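Q: Sequence first, then the predicted structure:
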There are 2 protein chains.
Amino acid sequence: MSSRPAIAKRTPASSGARRRSGAIDLPKVLRERIARHEYPPGAKLLENDLASEFGVSRARVREAFGALENRGLIRRIPNRGAEVARFDLPQMFEIYEVREMLEGLCARRAVQNTRPEAWRDLVALFGKPMEQHVKNGEFEDYIAKLEILRRRTMEAANNRVLADMLDSINDKTGEIMRRIIILPGRAAEGLKQHRAVLAAMRKGDAALAEKLKRGNIRSSREFLERYQGFIL
Amino acid sequence: MSSRPAIAKRTPASSGARRRSGAIDLPKVLRERIARHEYPPGAKLLENDLASEFGVSRARVREAFGALENRGLIRRIPNRGAEVARFDLPQMFEIYEVREMLEGLCARRAVQNTRPEAWRDLVALFGKPMEQHVKNGEFEDYIAKLEILRRRTMEAANNRVLADMLDSINDKTGEIMRRIIILPGRAAEGLKQHRAVLAAMRKGDAALAEKLKRGNIRSSREFLERYQGFIL
DNA sequence: GTCAACAATTTTGTCGACAATAATGCGGTT
DNA sequence: AACCGCATTATTGTCGACAAAATTGTTGAC
């Protein structure tokens, strides 16, 4: 077998994510691995190795690479293979710039499309207990609930194009977000901001929700800026 | 040969767009054909026909389909083939919603990154002569110059992620835009708006440029709404 | 010892063939 | 004549093999 660049091996078809019968959803699995930096930025992805690992032909790996490339998750140089895209700080700021606009739009539309009562359970999700969790550094639960909030908001916004773009951004910033959350004070501040956004949603104030959501993203960006040396 | 659904045949490798030597850039060609409704929405795309038309193997057509699919330009149902995506009015509005935000951001950043003098030639492009062209219904020139403005703005904004998203949107709205422009009064009003945006750019007023650009997109959307019966 | 040219290996690019699935046409029955 | 079931055809899904390109390793001259 050829050399694999410091990447742990897996059982064939480890994760679920199957399409019909026995066929795994390669793009999804690869996306996950890239998102959690199991394939770190810059890692070379060899078609042969992936093919034999998943027990599929190179053609399918290649097809998956195509999807990943379009999403900007890998970089492909002709005749020289594919490697996980690496985003430097300026690029991250570019992404956050777009993200601020889109998340704001998403929040606004979500409010406009939904009755205020629909957000009750989410307000509860980020209630008092969460404060303790955040203070104690138990972030997994927090992150999981943020994801629920994200999905619910996108669902309510009911805009497929927007959702696709936000998903694409999420793929690119997944690991970075985890690193930002553990920054000193970030989780607590973030929690406050999410509560404020949810409060605006419950009041049915779309414009305010948008403004607060944008502030939330900008704040996250500022943490990234301030602590850049510890993240990248 | 199998049946081809009301789609004109072409000489092999008609358009330029070659990659290295003799290899054509399939995704690009197909994107263009879809954008100009040479393949109308709903048209079935057969791998075999495309392959033989371009003189390549089905594998490459298939790869191109993959790219088109996650750009949202075609719809693929397993074992049932690919067809050009069709966007109904609500979806178009969704796209315009996102577009308004992104074009606004693009204009603002373009201004912030560039010296005001840099827009002089573009102001000239949309000067007096254009007024006559628009009044006489000579739109091709107008559209060409709009594209120049678009590219220059995106270039100045200097945000790759944003540019990709705007390109993606442009692919989806290409033909619709052409139909909106010929609507009564639209071109003249659009010209006025573009001039206003450019004036803001020349003043270096980023916030104003953003606001005006958003207004421009919203106005375009309103024409689509008003004349929907004549467009879709 | 260093470097360049050449050879061997690895890796990607392309293709045609075969298998699986869905669409179509046909014949028989009611 | 309309409808159901079966055979045929058309189309997509998957694969392995071969070709082209780049990388790596080796040898020899200076």
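A: That came through, no problem. Just so it is clear, the structure is predicted and the values come from calculations on it, not from any experiment.
Q: Quick check: closest non-adjacent residue to the residue nearest in space to the middle of chain A.
A: Note on chain A: the residue nearest the mean C-alpha position is A:N170, at 2.9 Å, using C-alpha atoms, centre = their mean. Distances taken as C-beta to C-beta, 6 or more residues apart in numbering or on different chains place A:R150 nearest to A:N170, at 7.6 Å, with adjacent residues excluded. C-betas here are computed from N, CA, C, even on glycine.
Q: Could you do A:A107 as well?
A: A:K213 (3.9 Å).
Q: Kindly report the same for A:H37.
A: Per C-beta to C-beta, 6+ apart, closest to A:H37 is A:E175, 4.8 Å.
Q: so the one you found sits right up against A:E38, yeah?
A: No: if you go by C-beta atoms under 8 Å, A:E175 and A:E38 don't touch, sitting 9.8 Å apart.
Q: ok, back up a step: run through the residues that contact the residue nearest to A:A107.
A: A:E103, A:G104, A:C106, A:A107, A:R108, A:V197 (C-beta atoms under 8 Å, 6 or more residues apart in numbering or on different chains).
Q: Closest to chain B out of these?
A: A:G104 (7.7 Å; C-beta to the nearest C-beta).
Q: Per-residue pLDDT of the residue found closest to A:A85 once you drop the neighbours it is linked to in the chain, please?
A: Closest residue to A:A85 apart from its sequence neighbours, by C-beta to C-beta, 6+ apart: A:R75 at 5.1 Å. Note for A:R75: predicted pLDDT of 95.
Q: Next, A:R75: secondary structure please.
A: Three-state call for A:R75 (DSSP: H, G, I helix; E, B strand; the rest coil): strand.
Q: Surely it is in contact with A:G81?
A: No: taking contacts as C-beta under 8 Å, A:R75 lies outside contact range of A:G81: 9.5 Å.
Q: Of the two, which one has the most company?
A: A:R75 (17 against 14; other C-beta atoms under 10 Å in any protein chain shown).
Q: so A:L191 makes contact with A:F126?
A: Yes: counting by C-beta under 8 Å, A:L191 touches A:F126, with 6.5 Å between them.
Q: just to revisit the earlier point, for the residue nearest to A:A107, give its distance to A:L166.
A: 12 Å (C-beta to C-beta, to the nearest Å).
Q: any residues in contact with both of these two?
A: A:E103, A:C106.
Q: Stretch A:75-90 vs DNA strand D: in contact?
A: Yes: applying C-beta under 7 Å from any atom of the strand, one finds that stretch A:75-90 is in contact with DNA strand D at A:N79, A:R80.
Q: got the buried residues for stretch A:195-205?
A: A:R195, A:A196, A:V197, A:L198, A:A200, A:M201, A:R202, A:D205 (16 or more other C-beta atoms under 10 Å in any protein chain shown).
Q: Okay, and which of those map to strands?
A: Per DSSP state E, strands hold no members of the buried residues of stretch A:195-205.
Q: picking that back up, rounded mean pLDDT for the strand or helix carrying the residue nearest to A:A107, please.
A: Element membership for A:K213, per DSSP states H and E: helix A:206-226. Mean pLDDT, computed over helix A:206-226, is 97.
Q: which residues of chain A fall in helices?
A: A:26-35, A:47-54, A:58-70, A:89-113, A:120-125, A:128-135, A:139-157, A:160-181, A:186-203, A:206-226, A:228-231 (DSSP state H).
Q: What lies in contact with the last one?
A: Taking C-beta under 8 Å, 6+ apart as the criterion, the residues outside helix A:228-231 that touch it are A:L89, A:I176, A:R179, A:I180, A:L183, A:L224.
Q: Counting neighbours, which of those residues end up buried?
A: By 16+ other C-beta under 10 Å, these give A:I176, A:R179, A:I180, A:L183, A:L224 as buried.
Q: Show me which pair in those residues is furthest apart.
A: Pairwise distances across those (C-beta to C-beta) peak at 11.0 Å, for the pair A:I176 and A:L183.
Q: What parts of chain A come near chain B?
A: A:19-20, A:59, A:62-63, A:66-67, A:70-72, A:78, A:91, A:94-95, A:97-98, A:101-102, A:104-105, A:109, A:159-162, A:164-165, A:169, A:172 (C-beta under 8 Å from any C-beta of the partner chain).
Q: Which of these are buried? Put it as a PyMOL command.
A: Applying 16+ other C-beta under 10 Å to those, the buried members can be selected in PyMOL as follows:
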select buried, chain A and resi 62+63+66+67+70+71+72+91+94+95+97+98+101+102+104+105+109+159+161+162+164+165+169+172
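Q: can you list the weak-confidence ranges in chain A?
A: Regions of chain A meeting the criterion pLDDT under 70 cover residues A:1-23.
Q: Let's see that with 90 instead.
A: A:1-25, A:35-36, A:70, A:127-129, A:131-138, A:174-175, A:229-232 (pLDDT under 90).
Q: Which positions in it make contact with DNA strand C?
A: A:2-3, A:21, A:44-48, A:58-59, A:62, A:76, A:78-82.
Q: Only whichever of those residues are buried, select them in PyMOL.
A: Those of these that count as buried under 16+ other C-beta under 10 Å are selected in PyMOL with:
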select buried, chain A and resi 44+45+46+47+62+76+82
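Q: still on that earlier bit, show me which positions of the helix holding A:K213 end up buried.
A: A:206, A:208-214, A:216-217, A:219-221, A:223-224.
Q: Could you single out the nearest of those to A:S52?
A: A:L224 (38.1 Å).
Q: Who are the contact partners of the residue lying closest to that closest one once chain neighbours are set aside?
A: Closest residue to A:L224 apart from its sequence neighbours, by C-beta to C-beta, 6+ apart: A:I180 at 5.7 Å. Contacts for A:I180 (C-beta under 8 Å, 6+ apart) come out as A:R186, A:S220, A:F223, A:L224, A:Y227, A:I231.
Q: Tally up the residues packed near A:R86, please.
A: With other C-beta under 10 Å as criterion, A:R86 counts 12.
Q: my guess is it meets A:G42, correct?
A: Yes: here A:R86 reaches A:G42: they are 5.1 Å apart, a contact under C-beta under 8 Å.
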